[in-house]
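S.K.: The following comprises the amino acid sequence and a computationally predicted model.
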Amino acid sequence: MSTLSISGLNVFFSTEDGPLHALKEVGFEVPERRIVGIVGESGCGKSTLINAILGLLADNGEIRSGQILFEGSQDLTRLSPRQMQDLRGPRIATVFQDPMGALNPVLSVGQQMINIQYRSDQSKAEKAARAIEMLKLVRIPDAESALARYPHQFSGGMKQRIAIAMALMMEPALLIADEPTTALDATLEVTTIELLKDLQEKIGCSVMFISHHLGVIAELCDDVVVMYAGEVVERGTVRDVFQNPGHPYTRRLLDCDPARQSQRTRILPTIPGEIPDLRARPSGCVFAARCLDRHEGCDRPQVERMLGRDHAARCNLVQAAEGTGVDA
Ligand SMILES: Nc1ncnc2c1ncn2[C@@H]1O[C@H](COP(=O)(O)OP(=O)(O)OP(=O)(O)O)[C@@H](O)[C@H]1O
């Protein structure tokens, strides 16, 4: 069973210049106990996707169609704001780039970690013991005395680890981690990634990990979903997608990844061009204007084609390649 199963998700924003189709027919799974990376450049719809799952779309946003099935039974698109509020935190936890979004600067870490357990009928001492246990798991030195300290007394890396401990404290079924290591330096990033993987295994939750850092995705995730202009253009296991990318956009992303550059460059390479205006989506492929493999099939709607058991790409060229023997 999948912890999260998204299908046919269409999200629109109303704007002064007409409706903006931010997510188009988005579909993918976050299977139980797996870590799924979501990758794509700025504007590809990652925040909209997270907000749609959490029931926190902006007032001008609307889910027009689609399903977000949580733990096989609850369609999150149909829950009331109150029901969503109950799920956020205990069942669907979040970690963001800035840990201070999750930490209250005027309360001690211990108090905050006890407050999170408000639904538990354990005693205060038991809740404090649980907080210490979590702080130890995220390798905060001297966890007992850390309870009495305030967020500003910790370094950036420690604050993020405390935020992770707080997110996982109630053993959620799903953790949504949005660029949680982007603000950290390279060494701290590696430590935090290792820790996240460790904790995920201990708690047995699923993780949706949003990042533009392909190296981190490769290191941490089991599966990856590649998004472009609000569409899922490729999905599969990290191994399949990274070793045998099917979509030209995925190939360009991998080519641009600094970790794969043979020569060191001063300027980070990026894909030339821009994401199209989502108020006027092209009728054919959404990536065609920037694609190096353009062909006549790009003007038609793109069909998602399976490249392997769990590996799919939305590109008509991939489909054409099979029959013609052309190497896609
Ligand atoms: N409230 C809104 N009203 C109108 N358009 C919006 C709104 N929120 C997002 N959009 C548009 O939806 C598209 C997807 O935006 P989104 O913020 O989800 O992308 P993103 O991949 O998270 O980008 P970033 O990494 O820069 O945050 C963009 O074209 C954006 O301009």
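M.R.: Sure thing, it's come through. Residues are numbered from 1 along each chain as shown.

S.K.: need the longest helix for the protein.
M.R.: When the chain is parsed with DSSP state H, its longest helix is helix 186-203.

S.K.: Which elements pack onto the helix or strand hosting Val225?
M.R.: For Val225, the host element (DSSP states H and E) is strand 223-228. Counting contacts by 3 or more Cβ pairs under 8 Å, 6 or more residues apart in numbering; DSSP states H and E, strand 223-228 packs against strand 18-31, strand 35-39, strand 231-237, helix 238-243, helix 248-256. All C-beta atoms are positioned from the backbone trio N, CA, C, and that covers glycine.

S.K.: Check which element follows the shortest one along the chain.
M.R.: Along the chain past strand 35-39, the next helix or strand (assigned with DSSP H and E) turns out to be helix 46-54.

S.K.: what are the ranges of the helices in this structure?
M.R.: Listed in chain order, the helices of the chain (DSSP H) span 46-54, 81-87, 109-116, 124-137, 143-146, 156-168, 186-203, 214-220, 238-243, 248-256, 316-324.

S.K.: Kindly compare burial across those helices and name the winner.
M.R.: helix 156-168 (a mean of 23; mean count of other Cβ atoms under 10 Å).

S.K.: That one vs helix 186-203, what angle?
M.R.: If you take axes from the mean of the first three to the mean of the last three Cα atoms, to 10 degrees, helix 156-168 sits at 20 degrees to helix 186-203.

S.K.: re earlier: so for Gly308, which of the helices and strands packed on strand 223-228 sits nearest?
M.R.: Distance to Gly308, taken as Cβ to Cβ, is lowest for helix 238-243 among those, at 5.7 Å.

S.K.: how distant is that closest one from the center of its chain?
M.R.: Offset of helix 238-243 from its chain centre (Cα atoms, centre = their mean, to the nearest Å): 17 Å.

S.K.: Show residues contacting it.
M.R.: By Cβ atoms under 8 Å, 6 or more residues apart in numbering, the surrounding residues in contact with helix 238-243 are 37, 214, 217-218, 221-224, 226, 234-235, 250, 254, 307-308, 310-311.

S.K.: hmm, try it at 7 Å
M.R.: Outside helix 238-243, the residues that touch it by Cβ atoms under 7 Å, 6 or more residues apart in numbering are Ile217, Ala218, Cys221, Asp222, Asp223, Val224, Val226, Glu234, Thr250, Leu254, Gly308, His311.

S.K.: Could you list the low-confidence segments of the chain?
M.R.: For the chain, the stretches flagged by pLDDT under 70 are 257-269, 319-328.

S.K.: distance between stretch 274-287 and the chain's centre?
M.R.: 23 Å.

S.K.: Let me know whether that stretch sits next to the ligand.
M.R.: Yes. For stretch 274-287 and the ligand, the contact criterion (Cβ under 6 Å from any ligand atom) is met by Leu278.

S.K.: Begin at 556 from now on, thanks
M.R.: Fine by me, first position is 556 from now on; the one you just mentioned is stretch 829-842.

S.K.: Run through the residues of the stretch 606-755 of the chain sitting next to the ligand.
M.R.: Residues of the stretch 606-755 of the chain lying near the ligand by Cβ under 6 Å from any ligand atom: Ala613, Asn615, Gly616.

S.K.: Which one (most neighbours) among the residues you listed?
M.R.: Counting neighbours by other Cβ atoms under 10 Å, Gly616 comes out on top of those with 17 neighbours.

S.K.: which one is it nearest to, not counting chain neighbours?
M.R.: With sequence-adjacent residues excluded and distances taken as Cβ to Cβ, 6 or more residues apart in numbering, Gly616 is closest to Phe568, at 5.1 Å.

S.K.: Would you confirm that Ile590 contacts Glu774?
M.R.: No. The criterion here is Cβ atoms under 7 Å, and Ile590 misses it with Glu774 at 10.2 Å.

S.K.: If we ignore the residues flanking it in sequence, what's nearest Asn609?
M.R.: Careful, residue 609 is Leu and not Asn. Arg643 (5.9 Å).
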